[in-house]
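A.B. asks: model this:
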Amino acid sequence: MNISVKNLVKRYATQNAIDNISFEVKSGEVLGFLGPNGAGKTTTMKILTCYMAPSEGDVLIGDYSVLNDANRLKKHIGYLPEHNPLYLDMPVIDYLAFSAAIQGVAKQQIMGRIKEMVRLCGLDKEKHKNIGELSKGYRQRVGLAQAMIHNPDVLILDEPTTGLDPNQIVEIRELIRELGKEKTVILSTHILPEVEATCDRIIIINDGKLVADGKPSELRQQASGAEVTRIRIEEAELSHAYQVLQQLPTVAVVEWNGNNNVFVVESKAGEHSRRLLFQTSVDNNWILTELSPIERDLEDVFRNVTMG
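C.D. replies: Numbers count the residues shown, from 1 in each chain. You can find the predicted model right below:
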């Protein structure tokens, strides 16, 4: 199911928690939804899951509107909230059976769905235990299983890897990517490398406004600005090398701490210096042991668009 968010506003008194944001998510896409605390991220997710009505605008999920078709829409949405509400005194399989029933899964299909969720979420050894006996990581798996028990078309996951160990994180990441091939997935997390490893596209909101939208590689490129290169040279008089690098016509800034043989070279806007850096090393009989690009990561992008 495609999702279309149109001019969404959520107002509390005179403050806009969400301020006229619009975006689309296509079926088969895994979207990372990011923002600092208080940006309006959780409010947006509550509207998408029909737990809160917008002040203005609308969200279309498939042909359904969150304004007019909330009850029908909930059958198509699986939601894992950040603070996962579970019945701690219930065995895992009983809780999943309960979740399936309230989500309208046909009685004859419930056991099949439970078996599938137990397999997908790695709960086989824990399925007969009370949820209160489980570790935080396994409780998170139970929450993910309940979000998928009714085989929804849309999955909205808020911090799905909270409490998981590194091996479990990799397993859940692979599961989300697999689910994203046939479902629409919106993933909210503060773990930026997790977003880059899992998501096809990223949206960042700040102060209720959409401030970035694109593939991870596109956002890094937009944020990086000028080309920056790290070079390491041997067999050179370093202060002289520093002066030579500063005089190259494509170079804007050279950083060197005066103590080692590593230089960070920033090119002028629109210029590329790496070929010239290599040739300059050859011309000056320097031994070039490193010439590597310095790329912005998602943390740089996030800080750039949310802190100005």
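
A.B. asks: just the helices in the stretch 51-200 of the chain please.
C.D. replies: 70-74, 92-102, 110-120, 136-148, 166-179, 192-198 (DSSP state H, counting those that start in this stretch).

A.B. asks: so how far is Phe263 from the closest residue to Asp207 other than its chain neighbours?
C.D. replies: Leaving aside its sequence neighbours, Asp207 sits nearest to Ala39 (CB to CB, 6 or more residues apart in numbering; 6.5 Å). For the C-beta atoms, the positions are set from N, CA and C on the backbone; glycine is no exception. Using CB to CB, to the nearest Å, Ala39 is found at 38 Å from Phe263.

A.B. asks: and if you look at His76?
C.D. replies: Going from His76 to Phe263 by CB to CB gives 56 Å.

A.B. asks: quick revisit: compare the helices of the stretch 51-200 of the chain and give me the one nearest Asp158.
C.D. replies: The minimum distance between Asp158 and the helices of the stretch 51-200 of the chain falls on helix 136-148, with 9.9 Å, by CB to CB.

A.B. asks: coming back round to it: now the helices of the stretch 51-200 of the chain as JSON lines including mean pLDDT, distance to Arg220 and mean neighbour count?
C.D. replies: Below are these laid out as JSON lines (pLDDT from 0 to 100; distance: least, CB to CB, whole Å; neighbours: other CB atoms under 10 Å):
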{"stretch": "helix 70-74", "mean pLDDT": "89", "distance to Arg220": "35", "mean neighbour count": "16"}
{"stretch": "helix 92-102", "mean pLDDT": "96", "distance to Arg220": "39", "mean neighbour count": "20"}
{"stretch": "helix 110-120", "mean pLDDT": "94", "distance to Arg220": "32", "mean neighbour count": "17"}
{"stretch": "helix 136-148", "mean pLDDT": "90", "distance to Arg220": "29", "mean neighbour count": "22"}
{"stretch": "helix 166-179", "mean pLDDT": "84", "distance to Arg220": "20", "mean neighbour count": "16"}
{"stretch": "helix 192-198", "mean pLDDT": "85", "distance to Arg220": "9", "mean neighbour count": "18"}
